[in-house]
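**Q** Here's a sequence, model it:
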Amino acid sequence: MGQAEAAELIWPVAGIARIALTRGDTHNTLTGELLATFDRLLDEASAGGARVLIVTGSGKTFCGGAHIKLFTDPASPLYRNARAIRDDYVLPIIRVFRRLREAPFVTVAAINGFALGGGCELALSCDFRLMADSARIGLTETRLGALAAAGGVQSLAHVVGRAKALEIALLGDQLTAADAKAAGLVTAVHPGSELADSALAFAKRLLLCSPISVAETKRALYRCETSAPDEADRIALDAVLAASAGAEWWEGMAAFAERRPASFRMEDG
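**A** Numbering: from 1, shown residues only. Here you go, the predicted model:
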(Lines give C-alpha, C1' and ligand atoms only; values in the text may rest on other atoms or scores of the structure.)
Protein backbone atom coordinates (compact mmCIF):
# COMPACT_ATOMS: atom_id res chain seq x y z
CA MET A 1 0.00 0.00 0.00
CA GLY A 2 1.53 3.33 -1.08
CA GLN A 3 2.06 6.38 1.03
CA ALA A 4 -0.86 8.79 1.28
CA GLU A 5 -0.69 12.03 -0.67
CA ALA A 6 0.97 15.03 0.94
CA ALA A 7 -2.35 16.92 1.05
CA GLU A 8 -6.03 16.18 0.63
CA LEU A 9 -9.09 18.14 -0.44
CA ILE A 10 -12.50 17.77 1.17
CA TRP A 11 -15.74 19.75 1.01
CA PRO A 12 -17.21 20.28 4.52
CA VAL A 13 -20.24 22.01 2.99
CA ALA A 14 -21.19 23.20 -0.49
CA GLY A 15 -19.05 26.13 -1.54
CA ILE A 16 -16.38 25.60 1.13
CA ALA A 17 -13.29 23.52 0.34
CA ARG A 18 -10.57 22.50 2.77
CA ILE A 19 -7.01 21.49 1.89
CA ALA A 20 -5.24 19.68 4.72
CA LEU A 21 -1.52 18.96 4.64
CA THR A 22 -1.32 15.33 5.72
CA ARG A 23 2.36 14.73 6.48
CA GLY A 24 2.25 16.03 10.04
CA ASP A 25 4.59 13.25 11.14
CA THR A 26 7.30 14.92 9.03
CA HIS A 27 6.13 18.48 9.78
CA ASN A 28 4.40 19.10 6.42
CA THR A 29 7.61 20.52 4.98
CA LEU A 30 7.64 22.11 1.55
CA THR A 31 8.78 19.28 -0.67
CA GLY A 32 8.29 19.22 -4.41
CA GLU A 33 5.61 16.59 -3.93
CA LEU A 34 3.66 18.73 -1.48
CA LEU A 35 3.83 21.77 -3.75
CA ALA A 36 2.68 19.79 -6.79
CA THR A 37 -0.18 18.24 -4.83
CA PHE A 38 -1.22 21.58 -3.34
CA ASP A 39 -1.15 23.19 -6.80
CA ARG A 40 -3.38 20.45 -8.21
CA LEU A 41 -5.82 20.67 -5.31
CA LEU A 42 -6.12 24.42 -5.86
CA ASP A 43 -7.21 23.62 -9.42
CA GLU A 44 -9.76 21.13 -8.08
CA ALA A 45 -11.11 23.58 -5.53
CA SER A 46 -11.54 26.23 -8.23
CA ALA A 47 -13.15 23.80 -10.67
CA GLY A 48 -15.49 22.61 -7.92
CA GLY A 49 -16.86 26.10 -7.37
CA ALA A 50 -15.16 26.95 -4.08
CA ARG A 51 -16.23 30.27 -2.61
CA VAL A 52 -14.00 29.82 0.43
CA LEU A 53 -10.90 27.66 0.85
CA ILE A 54 -9.59 26.66 4.28
CA VAL A 55 -5.94 25.58 4.47
CA THR A 56 -4.80 23.61 7.52
CA GLY A 57 -2.19 21.11 8.67
CA SER A 58 -2.14 17.90 10.66
CA GLY A 59 -0.70 16.62 13.89
CA LYS A 60 1.24 19.31 15.73
CA THR A 61 2.19 21.18 12.56
CA PHE A 62 0.47 23.55 10.16
CA CYS A 63 3.52 23.71 7.89
CA GLY A 64 7.13 23.43 9.01
CA GLY A 65 8.54 25.40 6.10
CA ALA A 66 11.53 24.41 4.00
CA HIS A 67 12.58 20.78 3.69
CA ILE A 68 16.05 21.32 5.16
CA LYS A 69 17.44 18.00 3.92
CA LEU A 70 17.32 19.44 0.40
CA PHE A 71 20.03 21.87 1.48
CA THR A 72 22.15 19.55 3.61
CA ASP A 73 22.25 16.38 1.51
CA PRO A 74 25.29 16.40 -0.85
CA ALA A 75 23.24 14.33 -3.30
CA SER A 76 20.57 17.06 -3.55
CA PRO A 77 20.67 19.33 -6.63
CA LEU A 78 20.19 22.25 -4.20
CA TYR A 79 23.29 21.46 -2.14
CA ARG A 80 25.56 24.52 -2.17
CA ASN A 81 23.82 25.71 -5.36
CA ALA A 82 22.47 29.22 -4.77
CA ARG A 83 20.97 29.60 -8.24
CA ALA A 84 19.11 26.31 -7.97
CA ILE A 85 17.82 27.26 -4.51
CA ARG A 86 16.44 30.49 -5.94
CA ASP A 87 15.09 29.22 -9.27
CA ASP A 88 14.19 25.58 -8.60
CA TYR A 89 12.98 25.75 -4.99
CA VAL A 90 11.94 29.21 -3.78
CA LEU A 91 10.45 30.43 -7.07
CA PRO A 92 8.02 27.46 -7.37
CA ILE A 93 6.92 28.07 -3.76
CA ILE A 94 6.26 31.73 -4.57
CA ARG A 95 4.21 30.74 -7.62
CA VAL A 96 2.03 28.28 -5.70
CA PHE A 97 1.53 30.58 -2.71
CA ARG A 98 0.68 33.50 -5.00
CA ARG A 99 -2.28 31.53 -6.28
CA LEU A 100 -3.91 31.89 -2.85
CA ARG A 101 -3.74 35.67 -3.09
CA GLU A 102 -4.87 35.74 -6.72
CA ALA A 103 -7.74 33.27 -6.29
CA PRO A 104 -11.20 34.81 -6.79
CA PHE A 105 -12.40 32.99 -3.66
CA VAL A 106 -11.47 33.76 -0.05
CA THR A 107 -8.63 31.78 1.55
CA VAL A 108 -8.43 31.09 5.28
CA ALA A 109 -5.43 29.59 7.08
CA ALA A 110 -6.50 27.49 10.06
CA ILE A 111 -3.18 27.34 11.88
CA ASN A 112 -3.43 24.20 13.98
CA GLY A 113 0.21 23.96 15.05
CA PHE A 114 3.71 25.14 14.18
CA ALA A 115 3.74 27.56 11.22
CA LEU A 116 7.41 28.43 10.89
CA GLY A 117 9.45 29.88 8.03
CA GLY A 118 7.69 28.85 4.84
CA GLY A 119 4.75 27.72 6.94
CA CYS A 120 4.29 31.27 8.16
CA GLU A 121 4.58 32.43 4.56
CA LEU A 122 1.87 29.96 3.53
CA ALA A 123 -0.37 31.46 6.21
CA LEU A 124 0.53 35.00 5.08
CA SER A 125 -0.52 34.09 1.55
CA CYS A 126 -4.07 33.47 2.78
CA ASP A 127 -6.56 36.31 3.17
CA PHE A 128 -7.32 35.43 6.80
CA ARG A 129 -5.47 33.57 9.54
CA LEU A 130 -7.16 31.79 12.45
CA MET A 131 -4.88 30.19 15.03
CA ALA A 132 -5.05 27.53 17.72
CA ASP A 133 -4.13 28.90 21.14
CA SER A 134 -1.30 26.37 21.49
CA ALA A 135 0.21 27.00 18.03
CA ARG A 136 3.37 28.94 17.21
CA ILE A 137 4.11 31.09 14.18
CA GLY A 138 7.15 32.97 12.95
CA LEU A 139 9.64 33.75 10.22
CA THR A 140 12.60 31.86 11.65
CA GLU A 141 14.84 32.07 8.59
CA THR A 142 17.39 34.47 10.10
CA ARG A 143 18.11 31.87 12.78
CA LEU A 144 19.18 29.54 9.93
CA GLY A 145 21.13 32.05 7.85
CA ALA A 146 18.29 32.09 5.33
CA LEU A 147 15.72 34.58 4.04
CA ALA A 148 11.90 34.62 4.05
CA ALA A 149 11.56 35.23 0.31
CA ALA A 150 8.47 33.07 -0.40
CA GLY A 151 6.14 35.80 0.83
CA GLY A 152 7.59 36.97 4.13
CA VAL A 153 9.56 39.99 2.97
CA GLN A 154 6.93 40.71 0.33
CA SER A 155 3.76 40.51 2.46
CA LEU A 156 4.45 40.79 6.18
CA ALA A 157 4.71 44.59 6.33
CA HIS A 158 1.35 44.91 4.57
CA VAL A 159 -0.22 42.80 7.30
CA VAL A 160 1.44 44.10 10.49
CA GLY A 161 3.23 47.31 9.44
CA ARG A 162 6.92 47.87 8.77
CA ALA A 163 8.14 48.22 12.37
CA LYS A 164 6.47 45.02 13.56
CA ALA A 165 7.48 43.21 10.36
CA LEU A 166 11.14 44.08 10.98
CA GLU A 167 10.83 42.81 14.54
CA ILE A 168 9.25 39.53 13.49
CA ALA A 169 11.48 38.87 10.46
CA LEU A 170 14.83 39.97 11.86
CA LEU A 171 14.59 38.45 15.34
CA GLY A 172 13.32 35.14 13.98
CA ASP A 173 11.26 34.41 17.09
CA GLN A 174 8.42 31.94 17.37
CA LEU A 175 5.34 33.94 18.34
CA THR A 176 2.61 32.59 20.59
CA ALA A 177 -0.96 32.82 19.36
CA ALA A 178 -1.60 35.69 21.78
CA ASP A 179 1.43 37.61 20.51
CA ALA A 180 0.44 36.97 16.89
CA LYS A 181 -3.06 38.26 17.58
CA ALA A 182 -1.71 41.36 19.32
CA ALA A 183 0.57 42.05 16.32
CA GLY A 184 -2.33 41.79 13.89
CA LEU A 185 -0.79 38.74 12.25
CA VAL A 186 -3.87 36.59 12.91
CA THR A 187 -7.56 37.44 12.93
CA ALA A 188 -8.64 35.25 15.83
CA VAL A 189 -7.37 32.66 18.30
CA HIS A 190 -9.37 29.59 19.29
CA PRO A 191 -8.83 26.56 21.53
CA GLY A 192 -7.17 23.86 19.43
CA SER A 193 -10.13 21.52 19.78
CA GLU A 194 -12.43 24.20 18.37
CA LEU A 195 -10.26 25.50 15.54
CA ALA A 196 -11.72 23.38 12.72
CA ASP A 197 -15.31 24.22 13.64
CA SER A 198 -14.45 27.89 14.17
CA ALA A 199 -12.78 28.10 10.76
CA LEU A 200 -15.83 26.51 9.14
CA ALA A 201 -18.17 28.92 10.95
CA PHE A 202 -16.02 31.83 9.77
CA ALA A 203 -16.10 30.50 6.20
CA LYS A 204 -19.88 30.17 6.28
CA ARG A 205 -20.18 33.88 7.06
CA LEU A 206 -18.50 34.58 3.73
CA LEU A 207 -21.13 32.53 1.90
CA LEU A 208 -23.59 35.34 2.71
CA CYS A 209 -21.59 37.65 0.45
CA SER A 210 -21.71 38.00 -3.32
CA PRO A 211 -18.97 35.88 -4.93
CA ILE A 212 -18.39 38.50 -7.63
CA SER A 213 -18.26 41.33 -5.11
CA VAL A 214 -15.83 39.34 -2.95
CA ALA A 215 -13.61 38.48 -5.91
CA GLU A 216 -13.45 42.06 -7.22
CA THR A 217 -12.94 43.55 -3.74
CA LYS A 218 -10.13 41.13 -2.93
CA ARG A 219 -8.41 41.72 -6.25
CA ALA A 220 -8.64 45.49 -5.90
CA LEU A 221 -7.36 45.52 -2.32
CA TYR A 222 -4.23 43.57 -3.19
CA ARG A 223 -3.56 45.58 -6.35
CA CYS A 224 -4.01 48.90 -4.55
CA GLU A 225 -1.33 48.03 -1.97
CA THR A 226 1.47 49.08 -4.28
CA SER A 227 -0.36 51.57 -6.48
CA ALA A 228 -0.19 55.36 -6.61
CA PRO A 229 -3.43 57.13 -5.54
CA ASP A 230 -4.66 57.78 -9.09
CA GLU A 231 -3.96 54.19 -10.11
CA ALA A 232 -5.66 52.89 -6.95
CA ASP A 233 -8.77 54.90 -7.82
CA ARG A 234 -8.77 53.45 -11.33
CA ILE A 235 -8.49 49.93 -9.93
CA ALA A 236 -11.44 50.58 -7.62
CA LEU A 237 -13.53 52.04 -10.45
CA ASP A 238 -12.74 49.06 -12.69
CA ALA A 239 -13.89 46.78 -9.87
CA VAL A 240 -17.17 48.69 -9.62
CA LEU A 241 -17.65 48.31 -13.37
CA ALA A 242 -17.04 44.56 -13.23
CA ALA A 243 -19.35 44.05 -10.27
CA SER A 244 -22.21 46.23 -11.50
CA ALA A 245 -22.17 44.54 -14.91
CA GLY A 246 -23.25 41.26 -13.30
CA ALA A 247 -26.53 39.92 -11.97
CA GLU A 248 -25.31 39.72 -8.36
CA TRP A 249 -25.15 43.51 -8.00
CA TRP A 250 -28.80 43.83 -9.04
CA GLU A 251 -29.87 40.88 -6.94
CA GLY A 252 -28.24 42.46 -3.90
CA MET A 253 -29.91 45.82 -4.52
CA ALA A 254 -33.31 44.24 -5.10
CA ALA A 255 -33.00 42.08 -1.98
CA PHE A 256 -32.19 45.14 0.13
CA ALA A 257 -35.15 47.08 -1.28
CA GLU A 258 -37.49 44.12 -0.76
CA ARG A 259 -36.14 43.42 2.75
CA ARG A 260 -35.20 39.80 2.00
CA PRO A 261 -31.95 37.81 2.01
CA ALA A 262 -30.00 38.00 -1.23
CA SER A 263 -29.62 34.83 -3.27
CA PHE A 264 -26.16 34.82 -4.79
CA ARG A 265 -24.72 32.30 -7.26
CA MET A 266 -21.22 31.67 -8.55
CA GLU A 267 -22.09 32.72 -12.11
CA ASP A 268 -24.43 35.28 -13.53
CA GLY A 269 -27.43 34.06 -15.41
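**Q** Name the nearest residue to residue 114, ignoring sequence neighbours.
**A** residue 61 (4.8 Å; C-beta to C-beta, 6 or more residues apart in numbering). Just so you know, the C-beta spots here come from the backbone N, C-alpha and C atoms, and that holds for glycine as well.
**Q** which residues in the stretch 51-200 of the chain form strands?
**A** Secondary structure of the stretch 51-200 of the chain (DSSP state E, counting those that start in this stretch): strands at 52-56, 61-63, 106-111, 114-116, 128-132, 136-138, 175-176, 188-190.
**Q** Just to check, residue 248 is in contact with residue 214?
**A** No - taking contacts as C-beta atoms under 8 Å, residue 248 lies outside contact range of residue 214: 9.7 Å.
**Q** coming back round to it: could I get the strands of the stretch 51-200 of the chain in CSV, plus columns for distance to residue 203, mean pLDDT and mean neighbour count?
**A** CSV is the format used below for the strands of the stretch 51-200 of the chain (distance: least, C-beta to C-beta, whole Å; pLDDT from 0 to 100; neighbours: other C-beta atoms under 10 Å):
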stretch, distance to residue 203, mean pLDDT, mean neighbour count
strand 52-56, 4, 98, 26
strand 61-63, 17, 98, 29
strand 106-111, 6, 98, 27
strand 114-116, 19, 98, 28
strand 128-132, 9, 98, 25
strand 136-138, 20, 98, 26
strand 175-176, 24, 98, 20
strand 188-190, 13, 98, 19
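**Q** now those strands as a markdown table including distance to residue 219?
**A** A markdown table is the format used below for these (distance: least, C-beta to C-beta, whole Å):
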| stretch | distance to residue 219 |
| --- | --- |
| strand 52-56 | 16 |
| strand 61-63 | 25 |
| strand 106-111 | 12 |
| strand 114-116 | 25 |
| strand 128-132 | 16 |
| strand 136-138 | 26 |
| strand 175-176 | 29 |
| strand 188-190 | 24 |
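**Q** Over to residue 208. Which of the three states is it?
**A** At residue 208, secondary structure determined by DSSP: H, G, I helix; E, B strand; the rest coil is coil.
**Q** measure it to residue 168 for me?
**A** 33 Å (C-beta to C-beta, to the nearest Å).
**Q** So which of these two has more stuff around it?
**A** Ranked by neighbour count (other C-beta atoms under 10 Å), residue 208 and residue 168 place residue 168 first, with 26 against 9.
**Q** Wait, the more buried one touches residue 156, no?
**A** Yes - counting by C-beta under 8 Å, residue 156 is a contact partner of residue 168 at 6.4 Å.
**Q** Now do the shared contacts for the two.
**A** Both residue 168 and residue 156 are in contact with residue 139, where contact means C-beta atoms under 8 Å, 6 or more residues apart in numbering.
**Q** residue contacts, the residue nearest to residue 181 when sequence neighbours are not counted?
**A** Spatially, and ignoring its direct neighbours in sequence, residue 181 is nearest to residue 189 (5.1 Å; C-beta to C-beta, 6+ apart). When contacts are counted by C-beta under 8 Å, 6+ apart, residue 189 touches 130, 131, 132, 133, 177, 178, 180, 181.
**Q** Alright, that wraps it up for me.
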